[in-house]
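> coords please:
(chains A, B, C and D)
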Number of protein chains: 2
Amino acid sequence: MSIQMNQSLSVDCAVFGFDGRTLKVLLIERRYYAPDTQLDRLKLPGAMILENETLPNAAIRVLEEATGLRKVYLKQIDIFSDPARVSGEELKWINRHHGTHSERVVTVGYYALVKLDDRTVAYTTAKGAQWVAVESIVRLAMDHKQILSAALTLLCREMCQSPVAFELLPRKFTIRQLQTLYGAVLGIEIDNRNFRKKILASGFLCPTSEHEQGVAHKPAQYYVFNRAAYKKAVKEKLRLGFIDNWRY
Amino acid sequence: MSIQMNQSLSVDCAVFGFDGRTLKVLLIERRYYAPDTQLDRLKLPGAMILENETLPNAAIRVLEEATGLRKVYLKQIDIFSDPARVSGEELKWINRHHGTHSERVVTVGYYALVKLDDRTVAYTTAKGAQWVAVESIVRLAMDHKQILSAALTLLCREMCQSPVAFELLPRKFTIRQLQTLYGAVLGIEIDNRNFRKKILASGFLCPTSEHEQGVAHKPAQYYVFNRAAYKKAVKEKLRLGFIDNWRY
DNA sequence: CAAACTTATCGTAAATCTTACGCTAACTAT
DNA sequence: ATAGTTAGCGTAAGATTTACGATAAGTTTG
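Below is the predicted model:
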């Protein structure tokens, strides 16, 4: 029993985006130091934590580096502290890549939600990163597939319990877009009439004067998320419930 | 910009217990290495992470050391990674206490729920630890008050969304005990008739053949928590909801 | 251009759930 | 015996959820 030595602390980020149809995650190709090794090619963006930096700040730094965005929704997933989570070739790669001599790397997973607009897509692809449909991902470098799975589980829960969905949509969106997003992430079919009713009843959506254009059906109105109304509502009511709601 | 050196990773645990009236937390008195310093006396149980140990395992180790219990409900609260969260005298104390030379200590907070039975109380008090009513705590060593506050916030949420309350009660309990616990932790008054209805409707409680004895009113029946029924229910239904429940 | 197709948006009624609260039962303490 | 307490049952009003009908407003097709 001894206190550990040469351990490193890193952050890895699962960055999610929604293209209107499916949920995507940002992956980067890692540079091999030994091209003949059988290491997986794609990984989540991540970095070692720096001196005088909190973990959330490290995640923000990684996010800005990867997407060019400063204000993104960020949430911690979990800590991945299995002593063997990176070892062998993977550990060598990390030490080479970062110029460290770590025997162990504990990482903190974060997930981020970004709006997949042209600017962001241009920035990330210019950096050689890729937006990959989440369902199609089978393996990733190190234990990043595990981190991604944990991120997805948490995202589903968060989507049901707080208005994080809006982080994935443009500022102005239609109710149908919101519905499609919920359906895609949760993997469920949603009745559009009841969805609309429930969402509008919340009072968190403000209609704009704009409507869709050029769609092959009745054009839908655009809405914006009213964060102030949400925060106010949280303060007062809203106890979400195991065995349903408590509103005693 | 350099990778950090001499950092340590620790775990700290907020261990909660319920004595039938109020929520309590386990605090330990720390040994001073310089009795004249003005450091706070009480702290949460914690430890440095060992080589070849995951963080959850470190928390389990701390818990067993503090309470003698092996199987306790454990949940991660958050990571406390402010570079200045321990510094000056506090940092000196830590290095002295653990025989380290760290410049920085990142800690992972956990909260634990234990049944405050005679055996556990005897064990902890024999160790010099104390069960302190949560509302009465004003300050703690280092940033442990902050960790405790974060633990409480999370506990409230968890109590509403999953059946963690049973971890704080004896195996056999009355519905009134459960109600008192919810009321105490959430700080709300609960109508006993509706509470009973809601709890029983969940199907997660099994009646036993035993009843209270020697109470100055109609003796209540004892129930046990049916974990299997709960797990089964989770698998099927139960999407808890922002803007209420989704059951489409 | 009319018909077909698609989604938006409004409604409504049945079913289910929540909430407030009355009432009797069964104990102990006085 | 009486008062005081909580257990435990029930019920009715009010909200919410759910399933689904119907019309509106565009584009695409023939």
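> pLDDT score for the spatially closest residue to residue A:129 that is not a sequence neighbour?
Closest residue in space to residue A:129, ignoring its immediate chain neighbours: residue A:28 at 4.7 Å, by CB to CB, 6 or more residues apart in numbering or on different chains. Bear in mind the C-beta positions are built from the backbone N, C-alpha and C, glycine included. As predicted, residue A:28 sits at a pLDDT of 96.
> Do I have it right that residue A:28 meets residue A:45?
Yes - using CB atoms under 8 Å, residue A:28 is in contact with residue A:45, at 5.5 Å.
> Specify the helix with the largest residue count in chain A.
In chain A, with assignment by DSSP state H, the single longest helix is helix A:144-161.
> Can you show me the CA trace of it as CSV?
Output of helix A:144-161 as CSV, limited to C-alpha atoms (Å, rounded to 0.1, in the frame of the first residue of the first chain):
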residue,chain,number,x,y,z
HIS,A,144,-13.4,6.0,-25.1
LYS,A,145,-16.3,3.9,-26.2
GLN,A,146,-17.2,3.3,-22.6
ILE,A,147,-17.0,7.0,-21.9
LEU,A,148,-19.3,7.6,-24.9
SER,A,149,-21.8,5.1,-23.6
ALA,A,150,-21.8,6.7,-20.2
ALA,A,151,-22.3,10.1,-21.8
LEU,A,152,-25.3,8.8,-23.8
THR,A,153,-26.9,7.3,-20.8
LEU,A,154,-26.6,10.6,-19.0
LEU,A,155,-27.7,12.6,-21.9
CYS,A,156,-31.0,10.7,-22.1
ARG,A,157,-31.6,11.3,-18.5
GLU,A,158,-30.8,15.0,-18.7
MET,A,159,-33.0,15.5,-21.8
CYS,A,160,-35.9,14.2,-19.8
GLN,A,161,-35.2,16.3,-16.8
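> same for it, what does it pack against?
strand A:7-18, strand A:73-80, strand A:104-113, helix A:175-186 (3 or more CB pairs under 8 Å, 6 or more residues apart in numbering or on different chains; DSSP states H and E).
> Throw those into TSV and include mean neighbour count, mean pLDDT and distance to DNA strand D, thanks.
Compiled in TSV, the helices and strands packed on helix A:144-161 are given as follows (neighbours: other CB atoms under 10 Å in any protein chain shown; pLDDT from 0 to 100; distance: least, CB to the nearest atom of the strand, whole Å):
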stretch	mean neighbour count	mean pLDDT	distance to DNA strand D
strand A:7-18	24	95	23
strand A:73-80	18	97	25
strand A:104-113	25	96	25
helix A:175-186	19	95	12
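> Can you say which of these is nearest to DNA strand C?
helix A:175-186 (2.8 Å; CB to the nearest atom of the strand).
> Against which helices or strands is that closest one packed?
By 3+ CB pairs under 8 Å, 6+ apart, helix A:175-186 packs against helix A:144-161, helix A:192-202.
> And the helix or strand that the last one is followed by, what's buried?
Tracing the chain past helix A:192-202, the next element assigned as helix or strand by DSSP states H and E is strand A:205-211. Neighbour-count burial for strand A:205-211 flags residue A:205 (criterion: 16 or more other CB atoms under 10 Å in any protein chain shown).
> got it, and stretch A:64-74?
Neighbour-count burial for stretch A:64-74, counted by 16+ other CB under 10 Å, picks out A:66, A:67, A:69, A:72, A:73, A:74.
> first vs last residue of that stretch, how far apart are they?
Start to finish, the residues bounding stretch A:64-74 are 12 Å apart (CA to CA, to the nearest Å).
> Any residue of it touching chain B?
No - in terms of CB under 8 Å from any CB of the partner chain, no part of stretch A:64-74 sits within range of chain B; the closest distance is 12.3 Å.
> what residues does that stretch touch?
A:13, A:15, A:26, A:28, A:45, A:47, A:56, A:59-60, A:63, A:110-114, A:119-120, A:123-124, A:127, A:129, A:164, A:167 (CB atoms under 8 Å, 6 or more residues apart in numbering or on different chains).
> where does the residue nearest to residue A:129 land in three-state SS?
Using DSSP: H, G, I helix; E, B strand; the rest coil, the structure places residue A:28 in strand.
> dump the residue contacts of it.
A:42, A:43, A:44, A:45, A:66, A:127, A:128, A:129, A:130.
> Now do the last one against residue B:94, distance only.
I take that to be residue A:130. Counting by CB to CB, to the nearest Å, the separation of residue A:130 from residue B:94 is 44 Å.
> the more surrounded of the two?
Using other CB atoms under 10 Å in any protein chain shown as the criterion, residue A:130 and residue B:94 rank with residue B:94 on top: 20 against 14.
> Can you give me the pLDDT of residue A:103?
Looking at residue A:103, its pLDDT reads 89.
> That one touches residue A:7, doesn't it?
Yes - using CB under 8 Å, residue A:103 is in contact with residue A:7, at 6.9 Å.
> Now do the helix or strand hosting residue A:59 against strand B:73-80, angle only.
Element membership for residue A:59 (DSSP H and E) is helix A:55-67. Angle, helix A:55-67 to strand B:73-80, by axes from the mean of the first three to the mean of the last three CA atoms, to 10 degrees: 70 degrees.
> thinking again about what came up before, next, format the helices and strands packed on helix A:175-186 as CSV and append mean neighbour count and distance to DNA strand C.
CSV is the format used below for these (neighbours: other CB atoms under 10 Å in any protein chain shown; distance: least, CB to the nearest atom of the strand, whole Å):
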stretch, mean neighbour count, distance to DNA strand C
helix A:144-161, 19, 16
helix A:192-202, 14, 3
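> Any chance of CSV for those helices, columns mean pLDDT?
Below are the helices and strands packed on helix A:175-186 laid out as CSV (pLDDT from 0 to 100):
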stretch, mean pLDDT
helix A:144-161, 93
helix A:192-202, 93
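> looking at the ones you listed, which is closest to residue B:228?
helix A:144-161 (22.0 Å; CB to CB).
> how big is the angle separating the closest one from strand A:104-113?
Using the same axes, to 10 degrees: helix A:144-161 against strand A:104-113 is 40 degrees.
> Tell me what angle helix A:144-161 forms with strand A:7-18.
Using the same axes, to 10 degrees: helix A:144-161 against strand A:7-18 is 50 degrees.
> touching DNA strand D at all, helix A:144-161?
No - on the criterion CB under 7 Å from any atom of the strand, helix A:144-161 is out of touch with DNA strand D, staying 12.1 Å away.
> Get me the contact residues on chain A for DNA strand D.
Counting by CB under 7 Å from any atom of the strand, chain A sits next to DNA strand D at A:191, A:193, A:194, A:197, A:198, A:201, A:214, A:215, A:216, A:217, A:218, A:219.
> How is chain A divided into domains?
Split into domains by automatic domain parsing, chain A comes to A:7-161, A:172-236.
> mind giving me JSON lines with these and columns for distance to residue B:208?
Formatted as JSON lines, those follow (distance: least, CB to CB, whole Å):
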{"stretch": "domain A:7-161", "distance to residue B:208": "33"}
{"stretch": "domain A:172-236", "distance to residue B:208": "38"}
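> Could you tell me which residues touch both of residue A:28 and residue A:45?
Between them, residue A:28 and residue A:45 share the contacting residues A:66, A:129, judged by CB under 8 Å, 6+ apart.
> returning to that earlier point: now the helices and strands packed on helix A:144-161 as JSON lines including distance to DNA strand C?
As requested, these are exported to JSON lines (distance: least, CB to the nearest atom of the strand, whole Å):
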{"stretch": "strand A:7-18", "distance to DNA strand C": "16"}
{"stretch": "strand A:73-80", "distance to DNA strand C": "25"}
{"stretch": "strand A:104-113", "distance to DNA strand C": "22"}
{"stretch": "helix A:175-186", "distance to DNA strand C": "3"}
